[in-house]
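*Asks:* Just a sequence and a predicted model for now, questions to come.
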Amino acid sequence: MAVRTGFEPATPCVTGTYSNQLNYHTGSFGDTKVTPFFDSAIIFLRNHRLFSIFVLYLLSMTAEKQEQFDRSYLEMAAVWGKNSYCKRRQVGAIIVKDRMIISDGYNGTPAGFENVCEDEEGLTKPYVLHAEANAITKVAKSNNSSEGATLYITTSPCMECAKLIIQAGITRVVYSNQYRITDGIELLRRAGVEIIHIDINTQHTDLSIKRTYE
């Protein structure tokens, strides 16, 4: 006696039934009743154009949700940057993995130094640490891993910080303000790091570097 192992691919017949004994009108498969949902699903999947529209709709909803998360985390980084003692520029950074903040940082002097970032001429002292560098070193001292994480930074990274980002295994960088020197961003692009520019002061998201929300 033959044993049926599953639903073999069906081919329409002239009578309105399927050759694998699925009755298109009664909703039965041999001696087994098939739910109307299954019958409707077959009709739906056969309409490839409608199915494609549905998939695109789901993708657009997912992309919109991701952009909302990115913008919110970037705004958190901006708030955190206000803790900086630097007068010329306050920069904040947070590292997020699996929707959890695993580290944060802002630009400032190393631990044990005076909280003065500029010299007498108003120039930034050479030993001032950048926000992303502080956030990455904080992860290194914890039990967390930044492998596959996203860095949210209010100002685009410099070349030296870009090196740290790559070595830390961070795969996404979202920033708000474009620094005048772009060699750090260019290095990240060469390393395959995903770059997103979101101006938190507007509703504009720059996807020219890498189109993510598609």
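*Replies:* Right, received. Where do you want to start?

*Asks:* Now for Val173, how many residues are close by?
*Replies:* The tally of other residues near Val173 (other Cβ atoms under 10 Å) stands at 26. C-beta here means a position set from N, CA and C on the backbone, and glycine is covered the same way.

*Asks:* Any idea what it is bridged to?
*Replies:* Beta-bridge pairing for Val173 (DSSP bridges): Leu151, Ile195.

*Asks:* so what's it up against?
*Replies:* Residues in contact with Val173 (Cβ atoms under 8 Å, 6 or more residues apart in numbering) are Thr150, Leu151, Ile153, Pro157, Ile165, Leu188, Val193, Glu194, Ile195, Ile196.

*Asks:* where's the second one relative to Tyr73, distance?
*Replies:* Going from Leu151 to Tyr73 by Cβ to Cβ, to the nearest Å gives 10 Å.

*Asks:* Who has more neighbours out of these two?
*Replies:* Neighbours were counted for Leu151 and for Tyr73 using other Cβ under 10 Å; Leu151 has more, 30 against 20.

*Asks:* residues contacting that one?
*Replies:* Counting by Cβ under 8 Å, 6+ apart, Leu151 makes contact with Ala93, Ile94, Ile95, Glu132, Ala135, Pro157, Ile165, Ile170, Arg172, Val173, Val174.

*Asks:* ok so, going back, now the contacts of Val173 as a markdown table including distance to Ile181 and pLDDT?
*Replies:* Output for those, formatted as a markdown table (distance: Cβ to Cβ, whole Å; pLDDT from 0 to 100):
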| residue | distance to Ile181 | pLDDT |
| --- | --- | --- |
| Thr150 | 23 | 97 |
| Leu151 | 18 | 98 |
| Ile153 | 15 | 97 |
| Pro157 | 10 | 96 |
| Ile165 | 16 | 97 |
| Leu188 | 13 | 97 |
| Val193 | 17 | 97 |
| Glu194 | 21 | 96 |
| Ile195 | 15 | 96 |
| Ile196 | 19 | 95 |
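
*Asks:* So what's the residue count around the closest residue to Leu187 other than its chain neighbours?
*Replies:* Sequence neighbours aside, Ala162 is the residue nearest to Leu187 in space, at 4.4 Å (criterion: Cβ to Cβ, 6 or more residues apart in numbering). Counted with other Cβ under 10 Å, residues neighbouring Ala162 total 23.

*Asks:* Glu121 too?
*Replies:* Residues contacting Glu121 under the criterion other Cβ under 10 Å number 5.
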